[in-house]
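S.K.: starting from these lines, generate the structure:
(2 chains)
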Number of protein chains: 2
Amino acid sequence: MRIGRPPWSDLVTLAQEVLRGSPQAVARLISLVESRPAEAVPMLRELHPHTGRGHIAGVTGPPGGGKSTLIDALVRLARRDGRRVGVVAVDPTSPFTGGAILGDRVRMQDHATDPGVFVRSMATRGYLGGLAPAASGAVEVLDAFGCDLILVETVGTGQAEVDIVRLADTVVVVTVPHLGDGVQTLKAGVMEIGDLFVVNKADRGDADRTAIEIKMMLGLAPNDRGWRPPVLLASAVDGTGVPAVLEEIARHRAYQEAHGLLDRRRKERRRQEILMIAEALVRRRLLDGGGSDALDGLASRVSGGELDPYAAAESLVRRAGLDSRTRL
Amino acid sequence: MRIGRPPWSDLVTLAQEVLRGSPQAVARLISLVESRPAEAVPMLRELHPHTGRGHIAGVTGPPGGGKSTLIDALVRLARRDGRRVGVVAVDPTSPFTGGAILGDRVRMQDHATDPGVFVRSMATRGYLGGLAPAASGAVEVLDAFGCDLILVETVGTGQAEVDIVRLADTVVVVTVPHLGDGVQTLKAGVMEIGDLFVVNKADRGDADRTAIEIKMMLGLAPNDRGWRPPVLLASAVDGTGVPAVLEEIARHRAYQEAHGLLDRRRKERRRQEILMIAEALVRRRLLDGGGSDALDGLASRVSGGELDPYAAAESLVRRAGLDSRTRL
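M.R.: Okay, the predicted model is just below:
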């Protein structure tokens, strides 16, 4: 019975409520982005001119590295400076997401009563338009909402996670010394994308050696943007070293702005985002208007050994109106 | 200097070599599937009529559950029966893939000298046509090669992993008692896809309780195919309970065949596979013939606040020849 107030179903109003600072509207709009992206589009369009101010920092690394604890500590610190903070956790092993498979506890609940912190957990599957566009939409909403800092947590393994990390202005890679093969693991793809490395749980032994190994690897592959990624030691659980992490995140943003790199990076991000949305549109198109039935028929023929899956895929693509020049 | 032997570049020969039982040809063809799928297509087409005999079992579950150790034990056991076994590991945390982030060791190397075992590790990103189609191609090659049992290991978190698990005739979900929230974690998506559950490291305390919890959850959501997924206790590291796992995998296949379910499942797999290949074809099409430059221009306009990413994506899709009716 909300008398005298426009209903949530008035979607443009929902965007306006976000701009007016309503956390309920933020939650509602992100849910819409996740579940019915088509309906969220007009609102995201309305919010678009109000985005671009917040600093988006991706926090990634192997499970068990204490990413969530570090984020928790960064949020506390940024709040002390009076900054508005958003967190988007798309890490299935994160306690924010309810996974908690490595025994962490949800400490983030402490922030539940703080109106200056907005925490959003996202599942890692089940989004109609794909996970990365959904995460991207959530970040846009938080940006328009006025978050100064938006932290995006991913586990840093699969392609979907890398797509999400690409959203960030600054990528923080978190590892721990006792992983032993931690550096080995980092090699598998996140080494290249880190703007800032944190060896967390630095109280647990060989942190110095891990930091040196990371520096050596970075030394071998110079950063073409002229930025030398710092390697920091921290113990997020008691806050040691966390102020330096927050300072380096800010310094990386300032560096990019001073060298005209932020615009370039954001343009690249937009490129990825447009492509992801386009792919989601096309996926829909392949299945619409009888496409799904056509696919069933093709699947039967492939199962029966009558047709190979590649010829079947070409046929499906042609059916959707794309010509046969399309080749893998 | 391989005189008197057709060169590998003769691609149809490569497919024939696979059918003749050459493990070198298998390795070579899988590499081709990964790196240059377009060139692999004619060979996969040639192999297609020779596939469908092997039993494909997906092994999935949260990191640290001992999936790799279980696979190792299953391979040993299947080899004792003289069966030819293939392993495709697409789990970034698997020691087969070199991740080893949880301290496991590569025990699989023991099988390196056994010609009846073919082990293939796949990275979790970087494939032109996508990870799932690459994994699917690898499984096809191993099937045509004559593997009786093909084990596919994934970490069971992201969408890409679920896409891969869909390749399987039988899905084995592995968890461990000490994860505590293990069942909680399983809820997040793998509960629905398991045909067989293994509580591994059953020597470590509360295995019985975990098994009961899983059974209760399964009881609440009856399997519409009439198959009651068994929940087994095992300790893969010393082989305890592993024979029962192998027997249940075989029993699940027999059950499906007896009830006409295997064909249905494989048809559904083909459906997914065709769709994945079609999407890869379309992605290529979006960027070909000037599409990449067009995307750059659109990204600049979105960055400048002049255009929103959704309108840009629609424009890119139209450019590739799809009409504007396409909607998310």
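S.K.: please make it C-alpha for all contacts and neighbour counts, starting now.
M.R.: Fine.
S.K.: just give the closest residue to A:Ala234, not the sequence neighbours.
M.R.: Nearest residue to A:Ala234 in three dimensions, chain neighbours excluded: A:Gly241, at 4.3 Å (Cα to Cα, 6 or more residues apart in numbering or on different chains).
S.K.: so what's the residue count around that neighbour?
M.R.: Applying other Cα atoms under 10 Å in any protein chain shown, we find 18 residues neighbouring A:Gly241.
S.K.: also A:Arg204?
M.R.: A:Arg204 has 11 neighbours, counted by other Cα under 10 Å.
S.K.: that one and chain B, how far apart?
M.R.: Applying Cα to the nearest Cα, to the nearest Å, the value for A:Arg204 to chain B is 16 Å.
S.K.: looking at this, that residue is in a strand?
M.R.: No: applying DSSP: H, G, I helix; E, B strand; the rest coil, one finds A:Arg204 to be coil, outside a strand.
S.K.: residues touching A:Ala202, list them.
M.R.: Residues near A:Ala202 by Cα atoms under 8 Å, 6 or more residues apart in numbering or on different chains: A:176-177, A:233-235.
S.K.: cutoff 7 Å now
M.R.: A:177, A:233-235 (Cα atoms under 7 Å, 6 or more residues apart in numbering or on different chains).
S.K.: shouldn't A:Val171 be within a strand?
M.R.: Yes: with three-state DSSP as the criterion, A:Val171 is located in a strand.
S.K.: for it, which non-adjacent residue is closest in space?
M.R.: Spatial nearest neighbour of A:Val171, excluding adjacent residues (Cα to Cα, 6+ apart): A:Gly58 at 4.7 Å.
S.K.: in which helix or strand does that neighbour reside?
M.R.: Using DSSP states H and E, A:Gly58 sits in strand A:55-60.
S.K.: from chain B, how far off is A:Gly137?
M.R.: 10 Å.
S.K.: for the nearest residue to A:Pro63 once chain neighbours are set aside, grab the count of nearby residues.
M.R.: Nearest residue to A:Pro63, sequence neighbours excluded (Cα to Cα, 6+ apart): A:Val155, at 6.1 Å. For A:Val155, the count of nearby residues is 25 (other Cα under 10 Å).
S.K.: the closest residue in space to A:Ser22 that isn't next to it in sequence: what's it in contact with?
M.R.: Leaving aside its sequence neighbours, A:Ser22 sits nearest to A:Phe145 (Cα to Cα, 6+ apart; 8.0 Å). Contacts for A:Phe145 (Cα under 7 Å, 6+ apart) come out as A:18-19, A:21.
S.K.: re the thing from before, direction included, what does the strand holding A:Gly58 pair against?
M.R.: Strand pairing for strand A:55-60, using DSSP bridges, gives strand A:149-153 (parallel), strand A:170-175 (parallel).
S.K.: which stretches of chain A form strands?
M.R.: A:55-60, A:85-89, A:117-121, A:149-153, A:170-175, A:196-199, A:231-233 (DSSP state E).
S.K.: and those: which comes nearest B:Leu316?
M.R.: strand A:55-60 (26.1 Å; Cα to Cα).
S.K.: got a list of contacts for the closest one?
M.R.: With Cα under 7 Å, 6+ apart as the test, strand A:55-60 has contacts from A:67, A:148-156, A:165, A:168-174.
S.K.: quickly name whichever of the contacts of A:Ala202 is closest to chain B.
M.R.: Distances from chain B to the contacts of A:Ala202, taken as Cα to the nearest Cα, are shortest for A:Pro177 (11.4 Å).
S.K.: confidence score at that closest one?
M.R.: Note on A:Pro177: pLDDT of 81.
S.K.: hang on, the earlier thing: need the strands of chain A in a markdown table (columns: mean neighbour count and distance to A:Arg225).
M.R.: Below are the strands of chain A laid out as a markdown table (neighbours: other Cα atoms under 10 Å in any protein chain shown; distance: least, Cα to Cα, whole Å):
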| stretch | mean neighbour count | distance to A:Arg225 |
| --- | --- | --- |
| strand A:55-60 | 26 | 18 |
| strand A:85-89 | 26 | 27 |
| strand A:117-121 | 20 | 32 |
| strand A:149-153 | 26 | 23 |
| strand A:170-175 | 28 | 13 |
| strand A:196-199 | 26 | 14 |
| strand A:231-233 | 23 | 17 |
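S.K.: pick out the shakiest of those, pLDDT-wise.
M.R.: Out of these, strand A:117-121 stands lowest, with a mean of 88 (criterion: mean pLDDT).
S.K.: centre of the chain to it, how far?
M.R.: 13 Å (Cα atoms, centre = their mean, to the nearest Å).
S.K.: wait, does it contact chain B?
M.R.: No: Strand A:117-121 does not reach chain B (Cα under 7 Å from any Cα of the partner chain); its nearest approach is 12.9 Å.
S.K.: before we move on, what about stretch A:261-276?
M.R.: Yes: counting by Cα under 7 Å from any Cα, contacts between stretch A:261-276 and chain B involve A:266-267, A:270-271, A:274-275.
S.K.: quick revisit: could the strands of chain A go into CSV alongside distance to A:Ala250?
M.R.: Below are the strands of chain A laid out as CSV (distance: least, Cα to Cα, whole Å):
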stretch, distance to A:Ala250
strand A:55-60, 8
strand A:85-89, 14
strand A:117-121, 18
strand A:149-153, 10
strand A:170-175, 9
strand A:196-199, 11
strand A:231-233, 14
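S.K.: among the residues of stretch A:261-276 next to chain B, who's most crowded?
M.R.: A:Ile274 (28 neighbours).
S.K.: in contact with the nearest residue to it once chain neighbours are set aside, which residues?
M.R.: Using Cα to Cα, 6+ apart and skipping residues adjacent in sequence, the residue nearest A:Ile274 is B:Ala313, 4.9 Å away. Residues near B:Ala313 by Cα under 7 Å, 6+ apart: A:274-275, A:277-278.
S.K.: and the least confident of the residues you listed?
M.R.: Within the contacts of B:Ala313, the minimum per-residue pLDDT falls on A:Ile277 (83).
S.K.: how much space between that residue and B:Asp72?
M.R.: Relative to B:Asp72, A:Ile277 is positioned 41 Å away (Cα to Cα, to the nearest Å).
S.K.: same question, A:Ile164
M.R.: Counting by Cα to Cα, the gap from A:Ile164 to B:Asp72 is 33 Å.
S.K.: which one of those two has more residues nearby?
M.R.: Using other Cα under 10 Å, the more surrounded residue of A:Ile164 and B:Asp72 is A:Ile164, with 24 against 21.
S.K.: check contacts around the more buried one.
M.R.: Applying Cα under 7 Å, 6+ apart, the residues contacting A:Ile164 are A:132, A:135.
S.K.: just checking, A:Glu34 touches A:Ser136?
M.R.: No: under the criterion of Cα atoms under 7 Å, A:Glu34 makes no contact with A:Ser136, lying 10.4 Å away.
S.K.: what segments of chain A are helices?
M.R.: Along chain A, counting by DSSP state H, helices occupy A:11-19, A:23-35, A:37-47, A:67-80, A:131-145, A:159-165, A:182-187, A:207-220, A:242-258, A:261-287, A:291-303, A:309-319.
S.K.: between these, which gets the lowest average pLDDT?
M.R.: Here these differ in mean pLDDT, and the lowest is helix A:182-187 at a mean of 54.
S.K.: hmm, back to that, dump the contacts of B:Ala313 to CSV, plus distance to A:Lys201.
M.R.: Formatted as CSV, those follow (distance: Cα to Cα, whole Å):
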residue, distance to A:Lys201
A:Ile274, 38
A:Leu275, 38
A:Ile277, 38
A:Ala278, 41
